[in-house]
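Novice: starting from these lines, generate the structure:
(chains A, B, C, D, E, F and G)
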Amino acid sequence: MFENLNDWLYHPITQTLWQVLFAIIVYFIVRSVGKNIIKKVFDKKQSKQVSKARLQTLEKLLLNVFSYVLFFIIAFNILDTLGFNLGPVLAAAGVVGLAIGFGAQGLVSDVVTGFFLLLERQLEVGDYVTAGGVDGIVEELGFRTTMIRGFDGTLHYLPNRNITNVDNHSRGNMRALVDLTIPSGEQTDTSIKKVQAAIQSFDHPALVTKPEVIGVETNDLSTTVIRVIAKTESMQQWAVERELRKVIRAYFETQENDA
Amino acid sequence: MFENLNDWLYHPITQTLWQVLFAIIVYFIVRSVGKNIIKKVFDKKQSKQVSKARLQTLEKLLLNVFSYVLFFIIAFNILDTLGFNLGPVLAAAGVVGLAIGFGAQGLVSDVVTGFFLLLERQLEVGDYVTAGGVDGIVEELGFRTTMIRGFDGTLHYLPNRNITNVDNHSRGNMRALVDLTIPSGEQTDTSIKKVQAAIQSFDHPALVTKPEVIGVETNDLSTTVIRVIAKTESMQQWAVERELRKVIRAYFETQENDA
Amino acid sequence: MFENLNDWLYHPITQTLWQVLFAIIVYFIVRSVGKNIIKKVFDKKQSKQVSKARLQTLEKLLLNVFSYVLFFIIAFNILDTLGFNLGPVLAAAGVVGLAIGFGAQGLVSDVVTGFFLLLERQLEVGDYVTAGGVDGIVEELGFRTTMIRGFDGTLHYLPNRNITNVDNHSRGNMRALVDLTIPSGEQTDTSIKKVQAAIQSFDHPALVTKPEVIGVETNDLSTTVIRVIAKTESMQQWAVERELRKVIRAYFETQENDA
Amino acid sequence: MFENLNDWLYHPITQTLWQVLFAIIVYFIVRSVGKNIIKKVFDKKQSKQVSKARLQTLEKLLLNVFSYVLFFIIAFNILDTLGFNLGPVLAAAGVVGLAIGFGAQGLVSDVVTGFFLLLERQLEVGDYVTAGGVDGIVEELGFRTTMIRGFDGTLHYLPNRNITNVDNHSRGNMRALVDLTIPSGEQTDTSIKKVQAAIQSFDHPALVTKPEVIGVETNDLSTTVIRVIAKTESMQQWAVERELRKVIRAYFETQENDA
Amino acid sequence: MFENLNDWLYHPITQTLWQVLFAIIVYFIVRSVGKNIIKKVFDKKQSKQVSKARLQTLEKLLLNVFSYVLFFIIAFNILDTLGFNLGPVLAAAGVVGLAIGFGAQGLVSDVVTGFFLLLERQLEVGDYVTAGGVDGIVEELGFRTTMIRGFDGTLHYLPNRNITNVDNHSRGNMRALVDLTIPSGEQTDTSIKKVQAAIQSFDHPALVTKPEVIGVETNDLSTTVIRVIAKTESMQQWAVERELRKVIRAYFETQENDA
Amino acid sequence: MFENLNDWLYHPITQTLWQVLFAIIVYFIVRSVGKNIIKKVFDKKQSKQVSKARLQTLEKLLLNVFSYVLFFIIAFNILDTLGFNLGPVLAAAGVVGLAIGFGAQGLVSDVVTGFFLLLERQLEVGDYVTAGGVDGIVEELGFRTTMIRGFDGTLHYLPNRNITNVDNHSRGNMRALVDLTIPSGEQTDTSIKKVQAAIQSFDHPALVTKPEVIGVETNDLSTTVIRVIAKTESMQQWAVERELRKVIRAYFETQENDA
Amino acid sequence: MFENLNDWLYHPITQTLWQVLFAIIVYFIVRSVGKNIIKKVFDKKQSKQVSKARLQTLEKLLLNVFSYVLFFIIAFNILDTLGFNLGPVLAAAGVVGLAIGFGAQGLVSDVVTGFFLLLERQLEVGDYVTAGGVDGIVEELGFRTTMIRGFDGTLHYLPNRNITNVDNHSRGNMRALVDLTIPSGEQTDTSIKKVQAAIQSFDHPALVTKPEVIGVETNDLSTTVIRVIAKTESMQQWAVERELRKVIRAYFETQENDA
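Specialist: Sure thing, here's the model as predicted:
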């Protein structure tokens, strides 16, 4: 059939065979190179925030995805070389891909947000946070979901995309604030002095700065609201507030009885 | 018509026939391979969360979809080989596909969310949860819809995409919390002591930790609200709260009568 | 013009004619096959939820759509074979199609949702449901619209896409719940006993479980709210609640008069 | 220039001329056929919901749109045959089309919704409806806008896309509902009997079923709210409610005076 | 270089020159035809709602847009004929166009809505309307913005897309409605008669129908609210309501003094 | 290598060189023409609303963008001529462009809105406006952001896209409105006369029309609310309202003392 | 194989090799030029708002992205030259890119907004701002996230896209505003004079303008609310308000005691 080498070399069938062979060789080279790169990237990342088990799961997942994608590309190329019209397949895959893509948009959004939450350490396990309309202690940080334990015992599962503003109450000291409504019929100055006397010797292990009377908060001349604030360690602000209320009440009640 | 083999081999009509034949062979190979893969994947998955019946339905569905898709691809290829211009068909199918895709976006979203709800076991049948604005006991978990039975007997059907934040009240102990408004005219200390006396011997089979008075919650000096909290088993918090209220009321009423 | 058969066979004009002929034959085959498939699918489906009349309408519609689509595809192919550039037509049709598609998105969404509402039997004619912000008895289920009759007589037309969460109040027994505010000045125990006495012999044809006093619901020591619950047949909960209120009131009023 | 017929027949310029001629012939055929189809469709539709004037406007509009679209397609084809590159024009038209399409999305949505509102007869002129946040009597139904006359005289123009849920208060009898707050200090039974006595001989031309006392609606033992309901003709429920209130008040006031 | 006419005629460079020449001729023809059409369309439209000045602005704008678009298309064609690859330019223009298109979506939407507001005469200068959350008298109608003067003197600029529901209070008579709270201690009948007496001789130049007592609006037996309604000319309802209130008050006060 | 001129002229390499040369020449021509056009457009626009400095910034920006875009187009063309496949580059650029486009959508929207705010003079520096939920005096108008100084001293930065409805309180006179609650126990007529007497000689430099009593605003017969309105210069309405309140109060208090 | 130079020069394989070589050369040139440009741009920008460390991170990132993108483009070109069909790879990459693009839209939006927040200096570290529903002192400005420390100690992480309106309370003096409710039974004039007397000698280090009584704010003749305003340095308005309240209260209380 082939009278000389040139004919044979440039004969369509020979060329097709060469191309198929070439594609297969490229496949094996790219595959082994790609796998090694993925493995090395994961080896470097090992001593970070995410647990080792989760990293291995992720590595395995990536390796699988990479192998499958590569396989399909090579297979497509070979089929194409053999004269198959893969347009319809691609078009169909595209439409299905778009449909799934739209539906799975939330999923991608979860993972992207989750990645930045971890990277910027906005949340850490054990932090007391308000996020996505939920209040509580972070129990677990995931790529898709964050678990927060509410104070009433409820376990909240939040898809990460729902977490936009994070209010982290465990990053520094908190303020204890008590707004006292004083029964009317007393001079403002006297009330302020009484409150100051009541909190003078106040102490609490979680106090960072001593409580202070910062002034009158009401505009109505017939009622008096006096504000007391203090700085406390995180999560101890409520205990300090309760203690402050108790101490001041006791002082006022003693005064009354004495009078 | 054909003077030699070469002519015959590279004659357009012969080539077309070869290609059609080749396409049909590929069709049967891919089909049987694909079907086997689907079946094996489902055989492995058999001992998991989802019931066997549902898995079989899903398997059948997938096999059908796979067969139809494959058939259409091969049919398109053959028609294309025979010289048909399938551009318009593809374009029309694309527009229709997009239109349906947009409309069915919610459906895909349901299935994707449903899949992760099952995978991450955020909800399980029998859990008491708050999700998608609905409160109740999970009755059934589906790929598209979750059924929750409300406490008033209503059966809520929630498309899974509506379930974003899941508040699971059955994952650990719950807190019973009672905020008592004490009638004025009593010293705060006395009130606190009375409440402590009232709950000292309190017991309930669902109690996890004993109830505790944690302090005064009001800022107004003329009214007193005292907070009592306890840890209970899940779903028993309301019973414990009611019991606590009853016990403390009884104690206060006895005291009054004695006075 | 044609010196031999080969010339004639591969002459452009002959080929064009062959292709047109072939397209027309394919048209008639595909059309009759497609129509038969549609008819058979509908014959199988006949004994289901949707009425026969509606199915026939749907079948007719599908047959029409199929015929028109097929006709246009073949016509396009023939015009294309005759050397017409149909790119602009397709592009124009695509833009118009997209425009309509966006506008009609809601329509597709209605039909997809409606299909699942029927399939999952979330709603049935005669059910008392809350859906899409509307409360009432389902009067008709359509592919695009659901009709719900409100209790005040209003007929609500809901496009199905507006129905996301379905609260079906006709799937099981309902709870009757009465929260009684007892006038102050009575011991809690006495009140509870009185209510228990009042409902001891309570009966109602729709009762499923006897009414029970489950405890005190108020935190304020100076007011008493007692909760009574019972299980009743669906739709009878309000009648039972009213009856319970009447019986307990009568009991309390008699007691007062006696005292 | 042309040595024989064949040369002439397959010469590029001749072919171009043939194609232009062919395009023009096709143009006139398609145009006259299309116009006839549109006219026939409209002739059949004449005896329906929409007024004749509006149908003629619509027909004219469609004929114009069809002629222009056809003209542009043929013109494009001829220019293309003459060797013009119309890609840029098409691309530009596409971008402009998309831009307008996005902006006009609401318009398409109006027309699609309007079409179904008419088809499903959800609204009819003269109905008392609540739709799109507006309450009143339907004055006009249009393809883009619905006009509703509010009870205070305001004319509301609603783009149809704003009409999702339609609450039609003119499809059947309506309920008249009166919740009477009885002054305290009276036995519940006595109150119920008085109300029953008051409405015993109540009559009103719009009554469908006689008014009935259905029971006590309050949980607080110290106040009494009694519910009376009746069925009336549509739009007469308020008159009946007012009449009921007047009759019962008169009865109670007479009783008091007598006592 | 060219040995005969045929060579010269079909030589690539000659053909290119012919095409460029042809394009330029087409440019001048299409331009003058297009401009004439635009001018004629505007001449016909002259006697309508929009002022002449605005029409001329619009005409000028359209002529400019048309000239520029045509120029670019011809320039592209010539560059393309000369062998330039304009793909990148088109692609870049497309992306920029899409970006601007998305951003300018609101603008297109404004113009489309504005067009229909004018066409359907939903708003006219001087009308008292509620639209887009704003209440007042229409001062100017524009293609992009509508100006409404609020009753407190504020000038509201509304982008037309914000105008969905239009509540036009100047299309017909309005209702004056007064809900009178009668001090308790009087029989309902007596009150109604007093109010009727008070409004018997009531008159006001803007009255369309005489005021009427339509009945009792309260369910509570111990308070009485009587509703009086009348029809008035548009914009006069508040004056009539104030006058009605004054007249009835005066009547009641005189009665009291007499008693 | 080239045996005659024709060979040389139509030789691929020569053609490539010609095309590159041609592209470079076109580049320099288009660049200088484009730059001149931009400069001229800006020279004409100089005496308008926007400051000169900002215009120069804008001009520089446009010149830069134009140069870069032109450079890339020519570079692409040359690379393309040299046989480079720029498809992937374009595709990648397209995807990146779309991604940025979506993210920057808000930015484009800001600029488009800003342009119309300036063009239609809806806002001017020094105006008192309500826009985008913010109340205050406009301090600066930018293409992307508008700065408004609130009355409490806060500086509000509003991205222009947030400005939809603009309520401009500095375009004409404003209304001063006082709703007086008269203590009960006085005849309505007497109260109205008193208020009229109180405001008879009222004057204020910002008054545009004298204050007027327009009537009674309450439905409850036992309380009286009288409305007084006046027209004032913009921004002076609050001062006038305060002054009116002071004058009427003084009048009522004097009357009481006299009585 | 090659009989003369021409054959060799235009032989497909030779051409392929030339093209590959050319691509590699272009790669190295573009890479080194691009890197230099990036480095120079960053050297110029060094003395600006953003810290040096962050700039270096950004530079490194950009250099990496540039190198990878360039590498992929060249690699694609070479593979394409070697006869590989890269369509499927590009299509797949496109779909994946779009999916990620949609998910990462928020990210791009964050960066674009962040860039403008920095550029327009809307926020600076230490400013007291209200943005994205959060109130506090800016602690850190990032490209993706802004950190704001609330007054209760909470650290708020805001994705920049959530920051639309910025209310900056640290750009100029603030207003202190006190609305005093005066106990009734006093003439308005007397009250105003008392308040004026009370604040006459008022001083505070943060005062910018002296406090002024601006008038009466209530419409009800039986209650009196007097407004006092002053200008203070930023962040000191609350302290001044509290001091004002204290001073005025003291004055009123002294007056009472004297009386």
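Novice: does residue A:181 count as helix, strand or coil?
Specialist: Three-state assignment for residue A:181 (DSSP: H, G, I helix; E, B strand; the rest coil): strand.
Novice: should've said residue A:210
Specialist: strand.
Novice: check contacts around it.
Specialist: Residues in contact with residue A:210 (C-beta atoms under 8 Å, 6 or more residues apart in numbering or on different chains) are A:199, A:202, A:230. Any C-beta I mention is one placed from the backbone N, CA and C, and that applies to glycine too.
Novice: the second one: neighbour count?
Specialist: Think residue A:202. When neighbours are counted by other C-beta atoms under 10 Å in any protein chain shown, residue A:202 registers 16.
Novice: again, but for the one 5 residues further on
Specialist: Residue neighbour count, defined by other C-beta under 10 Å, stands at 18 for residue A:207.
Novice: where's it relative to residue A:168, distance?
Specialist: 22 Å (C-beta to C-beta, to the nearest Å).
Novice: and residue A:106, by the same measure?
Specialist: 24 Å.
Novice: picking that back up, which ones among the contacts of residue A:210 lie within strands?
Specialist: residue A:230 (DSSP state E).
Novice: of the contacts of residue A:210, list those near chain E.
Specialist: Filtering the contacts of residue A:210 for proximity to chain E by C-beta under 8 Å from any C-beta of the partner chain leaves nothing.
Novice: now, among the contacts of residue A:210, which is nearest to chain G?
Specialist: Nearest to chain G out of those is residue A:230 (C-beta to the nearest C-beta; 11.2 Å).
Novice: excluding covalently adjacent residues, which one is nearest to the closest one?
Specialist: Closest residue to residue A:230 apart from its sequence neighbours, by C-beta to C-beta, 6 or more residues apart in numbering or on different chains: residue A:211 at 3.7 Å.
Novice: pLDDT score for the one you found?
Specialist: Per-residue confidence at residue A:211 stands at 92 (pLDDT).
Novice: I'd assumed residue A:202 was in contact with it.
Specialist: Yes: using C-beta atoms under 8 Å, residue A:211 is in contact with residue A:202, at 5.7 Å.
Novice: ok, now which ones touch residue A:245?
Specialist: By C-beta under 8 Å, 6+ apart, the contact set of residue A:245 is A:178, A:180, B:215, B:216, B:217, B:218, B:219.
Novice: as a markdown table, the contacts of residue A:210 with distance to residue C:113 and pLDDT would be great.
Specialist: Listed next are these as a markdown table, based on distance: C-beta to C-beta, whole Å; pLDDT from 0 to 100:
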| residue | distance to residue C:113 | pLDDT |
| --- | --- | --- |
| A:199 | 61 | 90 |
| A:202 | 61 | 88 |
| A:230 | 56 | 93 |
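Novice: and the helix or strand containing residue A:138 with chain G, contact?
Specialist: Using DSSP states H and E, residue A:138 sits within strand A:134-141. No: contact between strand A:134-141 and chain G is absent, the nearest approach being 11.5 Å (criterion: C-beta under 8 Å from any C-beta).
Novice: now the element after that strand, going C-ward?
Specialist: Next in sequence after strand A:134-141, counting helices and strands by DSSP H and E, comes strand A:145-149.
Novice: quick one: that following strand to strand A:134-141, angle?
Specialist: Between strand A:145-149 and strand A:134-141, the angle comes out at 120 degrees (axes from the mean of the first three to the mean of the last three C-alpha atoms, to 10 degrees).
Novice: coming back round to it: how much space separates the residue nearest to residue A:230 from residue A:251?
Specialist: Residue A:211 is 13 Å from residue A:251, by C-beta to C-beta.
Novice: who's more crowded, the two?
Specialist: More crowded of residue A:211 and residue A:251, by other C-beta under 10 Å: residue A:211, with 28 against 16.
Novice: next up, the contacts around the more buried one.
Specialist: Residues near residue A:211 by C-beta under 8 Å, 6+ apart: A:176, A:199, A:202, A:228, A:229, A:230, A:240, A:244.
Novice: what about 6 Å?
Specialist: Contacts for residue A:211 (C-beta atoms under 6 Å, 6 or more residues apart in numbering or on different chains) come out as A:199, A:202, A:228, A:230.
Novice: that one and residue F:78: what is the separation?
Specialist: Computed as C-beta to C-beta, the residue A:211 to residue F:78 distance reads 76 Å.
Novice: kindly report the same for residue A:168.
Specialist: As judged by C-beta to C-beta, residue A:168 and residue F:78 stand 55 Å apart.
Novice: repeat for residue A:25
Specialist: Using C-beta to C-beta, one gets 34 Å for the distance from residue A:25 to residue F:78.
Novice: can I assume residue A:153 is in contact with residue B:176?
Specialist: No: with contact defined as C-beta atoms under 6 Å, residue A:153 does not count as touching residue B:176 (9.6 Å).
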